[in-house]
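Peer 1: coordinates only, no sequence provided:
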């Protein structure tokens, strides 16, 4: 299961990828993380996919991360007579709380909280922005709008409100139930939709009680505004370009993506670039050139992971989509320009002992004949700091905690290996040498760099580095105690 590229691939499971053989084939083709979309499927179906992934993990003897993606509150219009209506540019259209079937003049919007928050001039986007409305005036149970962009509006289409901070929690009643279910099930990452402010993240953290790592999806303009605070409250970030591109001008999304990826890298928190990466492969075995360039851009930026959504969940070519991502990643990372860009975008001044240790590990590895940087990390902190450096050599993360190994599977360049608990640094060095040889990264005559935090088991104590031979006899000879 050794990957020949550093960036990770997240594959969403669905009707096209729900059985053992298909999911295993996706893992062997390059999927490092499997996403369970809580918007689709019953708890029984989610539990069955979880069981299959864990069986594959055991069969392949390699940690696999599972990401559960909560649905979040969904804002939708009601239903229409005849299932749809035609709206023309410039006409008036009313949204209200009346449950009667809609027509070309009005429809229900069963979300009183939206009317409470609206202001004249605010935009309302229906069906991914295909219909655009502008609020003229509103009350506690209605909003009179002008149609800015017309077209066909149909039953239960989604509504986006980009200009207004909505007084909605990121977690709906369904999300709270789903959160508890997946935490008991044993997932590794929990993705939060509709995040607008750091307290949304804190609510999920309180409910999860430390059982899962929290990943915030950035899909609202307010989340971009509050990004630093949201990042601090989160364990990881997903740049969800689909909804961002609906609620913001599409030309704003690429620079936002670059800024968010760089900020995540600076604080050593994993970041996924997601949505519509290989959209055409839902129906075609080949991607467009533009899609390949989009995937390559995320890799050049140094993102930790790139994600497939419908391509692997419901598309006709899930295997080919994973293979395409894998092939693009290998080609980009072999490009000398890639290393130039990564080096130029590395975080600047080192402020702590841990920063200095991992920076020194990278520099030593890249200026001498070192085969791998081995991180002994129980909490994952040491490994994440090494990954932030984006070294040229492989990173081997050693831990005795299966949950840590699984969570780190989302992080850039990380090859995770389960090992026994250690109490002395020398034991960690010996285990690292054994792992480097066993996993095919080094031979007995080679050298590795080993980093760890002593005393072991305390997060954030990265404070020791050693250049060590991979031959145990030489390790013992150099340090008989």
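Peer 2: Thanks, I have the structure now. Computed from a prediction, not measured in an experiment: that's the story for all the values here.
Peer 1: which helix or strand contains residue 18?
Peer 2: In the assignment (DSSP states H and E), residue 18 maps to no helix and no strand.
Peer 1: how far away is it from residue 35?
Peer 2: Distance from residue 18 to residue 35, counting by CB to CB, to the nearest Å: 13 Å. Glycine gets a C-beta too; all of them are placed from N, C-alpha and C.
Peer 1: residue 378: neighbour count?
Peer 2: Neighbourhood size, residue 378 [other CB atoms under 10 Å]: 20.
Peer 1: do the same with residue 250
Peer 2: 11.
Peer 1: coming back round to it: okay, residue 18 and residue 35: which has more neighbours?
Peer 2: Neighbour count, other CB under 10 Å: between residue 18 and residue 35, residue 35 has more, with 27 against 15.
Peer 1: which SSE is the more buried one in?
Peer 2: strand 33-37.
Peer 1: list the contacts of that strand.
Peer 2: 8-14, 23, 26-27, 46, 49-50, 53, 64-69, 182, 187, 189, 191, 305, 307, 309, 313, 409-410 (CB atoms under 8 Å, 6 or more residues apart in numbering).
Peer 1: pLDDT on the helix or strand following it, on average?
Peer 2: Using DSSP H and E, the helix or strand that follows strand 33-37 in sequence is helix 43-60. For helix 43-60, mean pLDDT rounds to 98.
Peer 1: use 53 as the first number for this chain going forward.
Peer 2: Right, with 53 as the first residue, what we last looked at is helix 95-112.
Peer 1: contacts for helix 95-112, please.
Peer 2: Here helix 95-112 has contacts from 53, 65, 70-72, 75-76, 79-80, 86, 88, 90, 93, 115-116, 118, 120, 230, 233-234, 237-239, using CB under 8 Å, 6+ apart.
Peer 1: filter those down to the buried ones, ChimeraX style.
Peer 2: In ChimeraX, a selection of the buried entries from these looks like this (16 or more other CB atoms under 10 Å):
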select :65,75,76,79,86,88,90,93,115,116,118,120,230,234,237,239
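Peer 1: looking at the contacts of helix 95-112, which are in helices?
Peer 2: Of these, the ones assigned to helices by DSSP state H are 72, 75-76, 79-80, 230, 233-234, 237.
Peer 1: next, give phi and psi for the closest residue to residue 164 other than its chain neighbours.
Peer 2: Nearest residue to residue 164 in three dimensions, chain neighbours excluded: residue 149, at 6.4 Å (CB to CB, 6 or more residues apart in numbering). Backbone torsions for residue 149, taken as degrees, to the nearest 10, come to phi -90, psi 0.
Peer 1: likewise for residue 418?
Peer 2: According to degrees, to the nearest 10, residue 418 has phi -90, psi -10.
Peer 1: okay, now the nearest residue to it once chain neighbours are set aside: neighbour count?
Peer 2: With CB to CB, 6+ apart as the criterion, residue 418 has its nearest non-adjacent residue at 5.3 Å, and that residue is residue 444. Residues near residue 444, counting by other CB under 10 Å, number 16.
Peer 1: so where's the stretch 303-452 of the chain uncertain?
Peer 2: Counting by pLDDT under 70, the ranges of the stretch 303-452 of the chain that qualify are 400-401.
Peer 1: quick check: bridge partners of residue 242?
Peer 2: residue 120, residue 266 (DSSP bridges).
Peer 1: was I right to think it contacts residue 262?
Peer 2: No: counting by CB atoms under 8 Å, residue 242 does not reach residue 262; the two are 11.5 Å apart.
Peer 1: more neighbours: these two, which one.
Peer 2: It is residue 242, of residue 242 and residue 262, that has more neighbours when counted by other CB under 10 Å, with 28 against 9.
Peer 1: distance of the more buried one relative to residue 288?
Peer 2: Counting by CB to CB, the gap from residue 242 to residue 288 is 10 Å.
Peer 1: overlap in contacts, the two.
Peer 2: Common neighbours of residue 242 and residue 288, counting by CB under 8 Å, 6+ apart, are 265-267.
Peer 1: so if we follow the domain assignment, how does this protein break up?
Peer 2: 60-124+221-387, 133-212, 405-530 (automatic domain parsing).
Peer 1: centre of the chain to the shortest one, how far?
Peer 2: Translated: domain 133-212. 32 Å (CA atoms, centre = their mean, to the nearest Å).
Peer 1: just the pLDDT for the closest residue to residue 151 other than its chain neighbours.
Peer 2: Excluding the flanking residues, the one nearest residue 151 by CB to CB, 6+ apart is residue 160, at 5.5 Å. At residue 160, the pLDDT value in this model is 97.
Peer 1: pull the number of nearby residues for the residue nearest to residue 164.
Peer 2: Neighbours of residue 149 (other CB under 10 Å): 14.
Peer 1: distance of it relative to residue 444?
Peer 2: 60 Å.
Peer 1: residue 119 now?
Peer 2: 28 Å.
Peer 1: got it, and residue 434?
Peer 2: For residue 434, the distance to residue 444 - CB to CB - is 19 Å.
Peer 1: how about residue 480?
Peer 2: Taking CB to CB, one finds residue 480 at 23 Å from residue 444.
Peer 1: same check, this time on residue 228
Peer 2: 44 Å.
Peer 1: check residue 196 too.
Peer 2: 60 Å.
Peer 1: gap between the two ends of stretch 480-500?
Peer 2: 12 Å (CA to CA, to the nearest Å).
Peer 1: so which residues make contact with that stretch?
Peer 2: Counting by CB under 8 Å, 6+ apart, 54, 420-426, 428, 446, 448, 450, 467, 469, 471-472, 474, 502, 504, 508, 518-524, 527 sit against stretch 480-500.
Peer 1: buried ones among the residues you listed?
Peer 2: Using 16+ other CB under 10 Å as the burial test, the contacts of stretch 480-500 include 422-426, 428, 446, 448, 450, 467, 469, 471, 474, 502, 504, 508, 518, 520-523, 527 as buried.
Peer 1: and the residues you listed, which of them are in strands?
Peer 2: 422-426, 428, 448, 450, 467, 469, 502, 504, 518, 520-521 (DSSP state E).
Peer 1: just the closest of those residues to residue 302, please.
Peer 2: residue 467 (36.8 Å; CB to CB).
Peer 1: contacting residues around the closest one?
Peer 2: 54-55, 446-449, 491, 493.
Peer 1: residue 164: which of those residues is nearest?
Peer 2: residue 449 (48.6 Å).
Peer 1: how about the closest one, what does it touch?
Peer 2: Residue 449 neighbours (CB under 8 Å, 6+ apart): 427, 429, 432, 435, 456-457, 460, 466-469.
Peer 1: adding distance to residue 282, write these out as a markdown table.
Peer 2: What follows is these, written out as a markdown table (distance: CB to CB, whole Å):
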| residue | distance to residue 282 |
| --- | --- |
| 427 | 27 |
| 429 | 25 |
| 432 | 20 |
| 435 | 23 |
| 456 | 24 |
| 457 | 26 |
| 460 | 22 |
| 466 | 24 |
| 467 | 29 |
| 468 | 27 |
| 469 | 32 |
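Peer 1: residue 260 - nearest residue in space that isn't next to it in sequence?
Peer 2: residue 235 (5.5 Å).
Peer 1: and the pLDDT at the one you found?
Peer 2: Residue 235 is given a pLDDT of 98.
Peer 1: tally of neighbours for it?
Peer 2: Residue 235 has 17 neighbours, counted by other CB under 10 Å.
Peer 1: what about it, distance to residue 228?
Peer 2: Between residue 235 and residue 228 the distance is 11 Å, computed by CB to CB.
Peer 1: which ones are touching the most centrally placed residue in the chain?
Peer 2: Centroid-nearest residue in the chain, with CA atoms, centre = their mean: residue 324, separated by 3.6 Å. Going by CB under 8 Å, 6+ apart, residue 324 touches 62, 267, 288-291, 355-359, 462.
Peer 1: many thanks, I have nothing further to ask.
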